[in-house]
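# Please find the sequence and the predicted model below.
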Amino acid sequence: MSMGHEVRYRVRGGRRLQGTVFVQGAKNAVLPMIGASLMAGEGRTVLRNVPIIEDVRRAVELARAIGAKAELHEAERTLVIDASSLDNPVLPADIASRFRGSFLFVPALLHRLGEAVIEGVGGCNLGSRNLDFHYNGFKRMGATVTEQVDDNGDGVIHIKAGDMRGATLYCDTPSHTGTENLIMAAALARGTTLIKNAALEPEVLDNIEFLRAMGAKITGDGTGFITVEGVEGLTAVEHTVMPDRIDAGVFVMAAAITGGELSLVGANLEHLGVAADKLEQMGVEFHQEGAVLQVRRDRTLRPINVITDEYPGFATDLQSPIMALSCLADGPSYIYERIFDGRFKLAGELAKMGANIEVDGNRAKVNGVTPLRGAEVEAHDLRCGSALVLAGLAAEGETTITSAYYLDRGHAHTAGRLSQLGADIVRETV
Ligand SMILES: CC(=O)N[C@H]1[C@@H](OP(=O)(O)OP(=O)(O)OC[C@H]2O[C@@H](n3ccc(=O)[nH]c3=O)[C@H](O)[C@@H]2O)O[C@H](CO)[C@@H](O)[C@@H]1O
Ligand SMILES: C=C(OP(=O)(O)O)C(=O)O
């Protein structure tokens, strides 16, 4: 993924965080919703509680590149999309290869323009990230998928919609964006689609709510078997994006790693799944007061075993943050990453800060306690970035985090929100 501009964060650690923080809207909910809003042939979609993150900015650019009108009102955290003028099926590499969510624009292109040309798909470098469940599903519904190599030697995928009709589809594993793309493709296809082994993530369910409001006929959400009855058209509606459970999880760990006490406005303990239980075992105390989650840690951090899994299992996007936290736990922690095979570059960065982590394939052993000290480190992906900010908050001295565009892909106003809680952190563009 190209950087565009070089961003770095500087953190001086050692301050206990205290106060109230607002959890942003969910990245992984808003991106499929932007894709879904492009399926409405007329009218204007209004999305509220939109996180002001780089992935959303890229999605707005991409929507414009294919002919839609999109206005992001940052102060109001509101996105207005008019997709009536959609006219270009090409997802250009310079935008699309910078974020994974670009692939969620494909169903709208297939239904509105009859084809999609994908010059590149981005997202974090997490090792192998296949899209075969998506392609196989589109094909079963009647599309044809071909790959050509362009003048630069890069692969370009061409999907021709043909006559899209309902089919029985499946995911080998419950893919998050795979489920969303197949639901969107089925929503405007002729007849009934059954998707087996569908994802259960809260963001997938929020996107289904949104599609339903648009007029889609979807049942079985939250069960693993989703049925979609194709409809003639979808209408533009207004929707408030759910809170970001990963953003919430990172702030929980910011409280935990600094021995602090925070009120997280909009955080939902249930959405954290097994991560909440693991954090409790480590010594974090939670108190859900309606839609506000109180969190604090004032006892010694205990070590932990983590196995990442689909929801409600331990979210892979919180695996890197908990690796940073477990450096300060009193004893060895064991982490088994089952979803992505490229997430352990973080261990090398934490080692620069004094951590002792042994990596063996998809398994890591974190030997705590190792006090952390400031260092120059690199964010290799988004969650590596969040983890390094957490480590920096607890380290003695100054930590400089480069390649921080990755962090900005998914977290809004990181420096501003942490500073308000008492952290010493600045964001710099170099
Ligand atoms: C934009 C978005 O929502 N991103 C999230 C989404 O990514 P994303 O939707 O890409 O993740 P998936 O759930 O699809 O991937 C999970 C696993 O399935 C494999 N797989 C997936 C699709 C496919 O066609 N073939 C295949 O083999 C992947 O290589 C990976 O090992 O879910 C991930 C897992 O919760 C999160 O870390 C990402 O933040
Ligand atoms: C892997 C992630 O996102 P994406 O799928 O957008 O790359 C992430 O959010 O950590």
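Nice, thanks for sending it over. Numbers count the residues shown, from 1 in each chain. Ligands and ions are numbered 1, 2, ... in the order given.

# right, and Gly101 touches Asn181 too?
No. Using Cβ atoms under 8 Å, Gly101 is not in contact with Asn181; the gap is 10.7 Å. Quick note: C-beta positions are derived from backbone N, CA and C, even for glycine.

# shared neighbours, the two?
Gly35 (Cβ atoms under 8 Å, 6 or more residues apart in numbering).

# Tell me what Tyr170 is bridged to.
Beta-bridge partners recorded for Tyr170 (DSSP bridges): Lys196.

# Can we start the residue count at 342 from this point?
New numbering, starting at 342: the last item is Tyr511.

# What's the separation between it and Val486?
Distance, Tyr511 to Val486, using Cβ to Cβ, to the nearest Å: 17 Å.

# now do Gly496
Look at Gly496 and Val486: by Cβ to Cβ, they are 12 Å apart.

# Check what pLDDT the spatially closest residue to Pro448 that is not a sequence neighbour gets.
Spatially, and ignoring its direct neighbours in sequence, Pro448 is nearest to Met525 (3.6 Å; Cβ to Cβ, 6 or more residues apart in numbering). With respect to pLDDT, Met525 scores 98.

# Run a quick neighbour tally on Met525.
Met525 has 27 neighbours, counted by other Cβ atoms under 10 Å.

# Surely it and Leu552 touch.
Yes. Using Cβ under 8 Å, Met525 is in contact with Leu552, at 7.1 Å.

# Which residues are in contact with each of these two?
By Cβ under 8 Å, 6+ apart, the residues touching both Met525 and Leu552 are Ala377.

# follow-up on the earlier one: which one's more surrounded, Gly496 and Val486?
The neighbour comparison of Gly496 against Val486 (other Cβ under 10 Å) goes to Val486, with 16 against 11.

# Would you double-check that the more buried one falls in a helix?
No. Val486: not assigned to a helix; according to DSSP: H, G, I helix; E, B strand; the rest coil it is strand.

# I'd guessed Arg349 sits against Ile742; true?
Yes. At 6.0 Å, Arg349 counts as touching Ile742 under the criterion of Cβ under 8 Å.

# higher neighbour count, these two?
Set Arg349 next to Ile742 and count neighbours by other Cβ under 10 Å: Ile742 wins out with 28 against 19.

# What distance do you get for that one to Phe592?
17 Å.

# how does the chain divide into domains?
Taking automatic domain parsing as the domain assignment, the ranges for the chain are 348-365+584-770, 368-581.

# Averaged pLDDT, the first one. What do you get?
Right, the one you point to is domain 348-365+584-770. Averaged across domain 348-365+584-770, pLDDT comes to 97.

# And for Asn609, nearest residue in space, chain neighbours not counted?
Pro584 (6.6 Å).

# Run through the bridge partners of that neighbour.
Note on Pro584: beta-bridge partners by DSSP bridges are Gly366.

# what are the ranges of the strands in the stretch 642-771 of the chain?
Under the criterion DSSP state E, counting those that start in this stretch, strands of the stretch 642-771 of the chain are mapped to 646-648, 673-677, 698-701, 704-708, 717-719, 739-743, 765-770.

# Which of the ones you listed sits closest to Ile407?
For Ile407, the closest of the strands of the stretch 642-771 of the chain is strand 765-770, at 28.5 Å, according to Cβ to Cβ.

# and that closest one, what other elements does it pack with?
Applying 3 or more Cβ pairs under 8 Å, 6 or more residues apart in numbering; DSSP states H and E, we find strand 765-770 packed against strand 348-353, helix 723-735, helix 755-761.
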